[in-house]
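Enquirer: what's the 3D shape of this:
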Amino acid sequence: MTKSRDPLVLSPHWHVDCRLESELPEDNVVGTRFLINALFGSVAFALVLFAGWLAYMNINLRYQIHDWDQRIADSRTEVREVQRMQRELLMEAKKVDHAYALMKSPLFLSGFISDLGRTLPPQMNIDSIDTTETAVVVRGNIRESFEAAGSLFSSYLKKLPSEPEIGPYFDKVTSSDFKRTTDNRIVFEITFLRKAPPP
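Expert: Residues are numbered from 1 along each chain as shown. Just a heads-up that it's a prediction; the model follows:
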(Lines give C-alpha, C1' and ligand atoms only; values in the text may rest on other atoms or scores of the structure.)
Protein backbone atom coordinates (compact mmCIF):
# COMPACT_ATOMS: atom_id res chain seq x y z
CA MET A 1 0.00 0.00 0.00
CA THR A 2 1.17 3.46 -0.72
CA LYS A 3 1.45 5.89 2.08
CA SER A 4 -0.71 8.97 1.91
CA ARG A 5 1.56 11.73 0.92
CA ASP A 6 1.56 15.38 1.74
CA PRO A 7 0.30 17.33 -1.28
CA LEU A 8 2.72 20.15 -0.57
CA VAL A 9 5.76 17.98 -0.81
CA LEU A 10 7.19 17.99 -4.28
CA SER A 11 7.12 14.76 -6.19
CA PRO A 12 9.32 13.66 -8.99
CA HIS A 13 6.73 15.07 -11.40
CA TRP A 14 7.26 18.44 -12.90
CA HIS A 15 3.91 20.03 -11.65
CA VAL A 16 1.88 20.16 -8.45
CA ASP A 17 -1.33 17.99 -8.21
CA CYS A 18 -4.10 20.51 -7.37
CA ARG A 19 -7.07 18.15 -7.72
CA LEU A 20 -9.74 18.04 -4.97
CA GLU A 21 -10.74 14.42 -5.38
CA SER A 22 -13.71 14.56 -3.05
CA GLU A 23 -15.37 17.27 -5.20
CA LEU A 24 -14.74 15.70 -8.59
CA PRO A 25 -17.78 14.27 -10.49
CA GLU A 26 -18.20 10.51 -10.76
CA ASP A 27 -16.26 8.93 -13.53
CA ASN A 28 -18.47 5.80 -13.89
CA VAL A 29 -19.77 5.03 -17.39
CA VAL A 30 -23.42 5.25 -16.12
CA GLY A 31 -23.86 7.34 -13.03
CA THR A 32 -26.06 6.47 -10.07
CA ARG A 33 -27.95 9.71 -10.41
CA PHE A 34 -28.75 8.89 -14.03
CA LEU A 35 -30.06 5.43 -13.11
CA ILE A 36 -32.32 6.85 -10.39
CA ASN A 37 -33.63 9.53 -12.72
CA ALA A 38 -34.20 6.99 -15.50
CA LEU A 39 -36.11 4.68 -13.13
CA PHE A 40 -38.37 7.41 -11.79
CA GLY A 41 -38.78 8.86 -15.26
CA SER A 42 -39.93 5.46 -16.58
CA VAL A 43 -42.43 5.10 -13.74
CA ALA A 44 -43.74 8.63 -14.38
CA PHE A 45 -43.97 7.96 -18.12
CA ALA A 46 -45.90 4.69 -17.47
CA LEU A 47 -48.27 6.53 -15.13
CA VAL A 48 -48.84 9.24 -17.75
CA LEU A 49 -49.55 6.55 -20.39
CA PHE A 50 -51.96 4.75 -18.03
CA ALA A 51 -53.76 8.00 -17.19
CA GLY A 52 -54.01 8.77 -20.91
CA TRP A 53 -55.44 5.32 -21.61
CA LEU A 54 -58.02 5.75 -18.81
CA ALA A 55 -58.95 9.17 -20.19
CA TYR A 56 -59.32 7.70 -23.68
CA MET A 57 -61.53 4.86 -22.38
CA ASN A 58 -63.65 7.34 -20.43
CA ILE A 59 -64.11 9.59 -23.46
CA ASN A 60 -64.88 6.59 -25.68
CA LEU A 61 -67.45 5.25 -23.18
CA ARG A 62 -69.11 8.66 -22.92
CA TYR A 63 -69.28 8.86 -26.70
CA GLN A 64 -70.87 5.41 -26.94
CA ILE A 65 -73.43 6.27 -24.24
CA HIS A 66 -74.29 9.49 -26.04
CA ASP A 67 -74.56 7.62 -29.34
CA TRP A 68 -76.92 4.97 -27.90
CA ASP A 69 -79.01 7.64 -26.16
CA GLN A 70 -79.34 9.39 -29.49
CA ARG A 71 -80.38 6.16 -31.22
CA ILE A 72 -82.97 5.44 -28.51
CA ALA A 73 -84.36 8.95 -28.82
CA ASP A 74 -84.50 8.62 -32.63
CA SER A 75 -86.34 5.27 -32.47
CA ARG A 76 -88.91 6.21 -29.80
CA THR A 77 -91.62 6.83 -32.37
CA GLU A 78 -90.91 3.49 -34.05
CA VAL A 79 -91.01 1.69 -30.68
CA ARG A 80 -94.34 3.32 -29.86
CA GLU A 81 -95.70 2.25 -33.25
CA VAL A 82 -94.54 -1.35 -32.71
CA GLN A 83 -96.13 -1.40 -29.23
CA ARG A 84 -99.40 -0.08 -30.66
CA MET A 85 -99.35 -2.78 -33.35
CA GLN A 86 -98.66 -5.44 -30.71
CA ARG A 87 -101.68 -4.29 -28.68
CA GLU A 88 -103.89 -4.38 -31.78
CA LEU A 89 -102.59 -7.84 -32.69
CA LEU A 90 -103.25 -9.11 -29.17
CA MET A 91 -106.83 -7.78 -29.31
CA GLU A 92 -107.39 -9.44 -32.69
CA ALA A 93 -105.91 -12.72 -31.40
CA LYS A 94 -108.32 -12.64 -28.44
CA LYS A 95 -111.22 -12.14 -30.85
CA VAL A 96 -110.07 -15.12 -32.94
CA ASP A 97 -109.68 -17.29 -29.83
CA HIS A 98 -113.14 -16.29 -28.62
CA ALA A 99 -114.69 -17.04 -32.02
CA TYR A 100 -112.91 -20.40 -32.13
CA ALA A 101 -114.18 -21.27 -28.63
CA LEU A 102 -117.72 -20.36 -29.69
CA MET A 103 -117.58 -22.34 -32.93
CA LYS A 104 -115.79 -25.41 -31.69
CA SER A 105 -117.99 -27.85 -29.88
CA PRO A 106 -115.98 -29.55 -27.14
CA LEU A 107 -117.90 -32.79 -27.62
CA PHE A 108 -119.19 -34.39 -30.80
CA LEU A 109 -122.07 -36.64 -29.79
CA SER A 110 -121.50 -39.15 -32.59
CA GLY A 111 -117.87 -39.59 -31.54
CA PHE A 112 -118.88 -39.81 -27.89
CA ILE A 113 -121.40 -42.58 -28.64
CA SER A 114 -118.80 -44.44 -30.66
CA ASP A 115 -116.20 -44.20 -27.89
CA LEU A 116 -118.76 -45.17 -25.27
CA GLY A 117 -119.71 -48.25 -27.30
CA ARG A 118 -116.05 -49.19 -27.68
CA THR A 119 -115.46 -49.10 -23.91
CA LEU A 120 -118.77 -50.72 -22.87
CA PRO A 121 -118.50 -54.28 -21.45
CA PRO A 122 -120.50 -56.93 -23.38
CA GLN A 123 -122.92 -57.49 -20.46
CA MET A 124 -124.05 -53.84 -20.52
CA ASN A 125 -126.58 -52.29 -22.90
CA ILE A 126 -127.33 -48.60 -23.49
CA ASP A 127 -131.03 -47.75 -23.70
CA SER A 128 -130.91 -43.97 -24.06
CA ILE A 129 -128.59 -40.96 -24.13
CA ASP A 130 -129.89 -37.52 -23.13
CA THR A 131 -127.87 -34.34 -23.50
CA THR A 132 -128.14 -30.88 -21.98
CA GLU A 133 -125.81 -27.90 -22.08
CA THR A 134 -124.10 -29.04 -18.89
CA ALA A 135 -124.37 -32.85 -18.88
CA VAL A 136 -124.83 -36.08 -20.81
CA VAL A 137 -126.98 -38.76 -19.14
CA VAL A 138 -126.57 -42.37 -20.26
CA ARG A 139 -129.18 -44.97 -19.20
CA GLY A 140 -128.99 -48.71 -19.72
CA ASN A 141 -129.22 -52.19 -18.24
CA ILE A 142 -126.87 -54.98 -17.21
CA ARG A 143 -127.45 -58.67 -17.95
CA GLU A 144 -125.88 -60.14 -14.81
CA SER A 145 -126.78 -61.02 -11.24
CA PHE A 146 -127.13 -58.04 -8.93
CA GLU A 147 -123.78 -58.66 -7.17
CA ALA A 148 -121.84 -59.24 -10.40
CA ALA A 149 -123.60 -56.27 -12.02
CA GLY A 150 -122.61 -54.01 -9.11
CA SER A 151 -118.95 -55.00 -9.39
CA LEU A 152 -118.97 -54.65 -13.18
CA PHE A 153 -120.71 -51.26 -13.07
CA SER A 154 -118.35 -49.94 -10.37
CA SER A 155 -115.19 -50.93 -12.29
CA TYR A 156 -116.61 -49.46 -15.54
CA LEU A 157 -117.46 -46.20 -13.79
CA LYS A 158 -113.88 -45.93 -12.46
CA LYS A 159 -112.44 -46.67 -15.90
CA LEU A 160 -114.39 -43.98 -17.83
CA PRO A 161 -112.52 -40.81 -16.60
CA SER A 162 -109.18 -42.30 -17.65
CA GLU A 163 -110.34 -42.98 -21.22
CA PRO A 164 -108.44 -40.52 -23.49
CA GLU A 165 -111.43 -39.96 -25.81
CA ILE A 166 -113.97 -39.47 -22.99
CA GLY A 167 -112.32 -38.23 -19.78
CA PRO A 168 -110.85 -34.91 -21.02
CA TYR A 169 -114.30 -33.59 -22.03
CA PHE A 170 -115.91 -33.98 -18.62
CA ASP A 171 -115.31 -32.60 -15.14
CA LYS A 172 -117.00 -35.49 -13.40
CA VAL A 173 -118.41 -38.93 -14.24
CA THR A 174 -120.85 -40.18 -11.58
CA SER A 175 -123.51 -42.81 -11.09
CA SER A 176 -126.88 -41.14 -10.71
CA ASP A 177 -128.84 -44.43 -10.45
CA PHE A 178 -128.21 -48.17 -10.04
CA LYS A 179 -131.09 -50.45 -9.03
CA ARG A 180 -133.09 -53.59 -9.63
CA THR A 181 -136.50 -52.95 -11.17
CA THR A 182 -139.74 -54.74 -10.37
CA ASP A 183 -139.31 -56.97 -13.42
CA ASN A 184 -135.83 -58.05 -12.13
CA ARG A 185 -133.87 -55.92 -14.58
CA ILE A 186 -130.75 -54.15 -13.33
CA VAL A 187 -130.69 -50.60 -14.65
CA PHE A 188 -128.06 -47.90 -14.37
CA GLU A 189 -127.71 -44.22 -15.06
CA ILE A 190 -124.38 -42.43 -15.59
CA THR A 191 -124.13 -38.63 -15.58
CA PHE A 192 -121.23 -37.01 -17.43
CA LEU A 193 -120.82 -33.37 -16.29
CA ARG A 194 -119.36 -31.28 -19.11
CA LYS A 195 -116.42 -28.96 -18.64
CA ALA A 196 -117.25 -25.28 -18.77
CA PRO A 197 -116.28 -23.64 -22.11
CA PRO A 198 -113.25 -21.33 -22.00
CA PRO A 199 -114.01 -17.63 -21.40
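
Enquirer: what packs against the longest strand along the chain?
Expert: Across the chain, the longest stretch assigned as strand under DSSP state E is strand 170-180. In terms of contacts (3 or more Cβ pairs under 8 Å, 6 or more residues apart in numbering; DSSP states H and E), strand 170-180 is packed against strand 135-142, helix 146-159, strand 186-194. In short, each C-beta sits where N, CA and C put it, glycine included.

Enquirer: among those, which is nearest residue 94?
Expert: Nearest to residue 94, of all the helices and strands packed on strand 170-180, is strand 186-194, at 23.5 Å by Cβ to Cβ.

Enquirer: for the closest one, buried residues please.
Expert: By neighbour count on 16 or more other Cβ atoms under 10 Å, the buried set for strand 186-194 is 186-192, 194.

Enquirer: please produce JSON lines containing these, extended by distance to residue 160 and pLDDT.
Expert: Shown next, in JSON lines, are the buried residues of strand 186-194 (distance: Cβ to Cβ, whole Å; pLDDT from 0 to 100):
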{"residue": "186", "distance to residue 160": "18", "pLDDT": "89"}
{"residue": "187", "distance to residue 160": "18", "pLDDT": "91"}
{"residue": "188", "distance to residue 160": "12", "pLDDT": "91"}
{"residue": "189", "distance to residue 160": "13", "pLDDT": "92"}
{"residue": "190", "distance to residue 160": "8", "pLDDT": "91"}
{"residue": "191", "distance to residue 160": "11", "pLDDT": "90"}
{"residue": "192", "distance to residue 160": "8", "pLDDT": "88"}
{"residue": "194", "distance to residue 160": "14", "pLDDT": "82"}
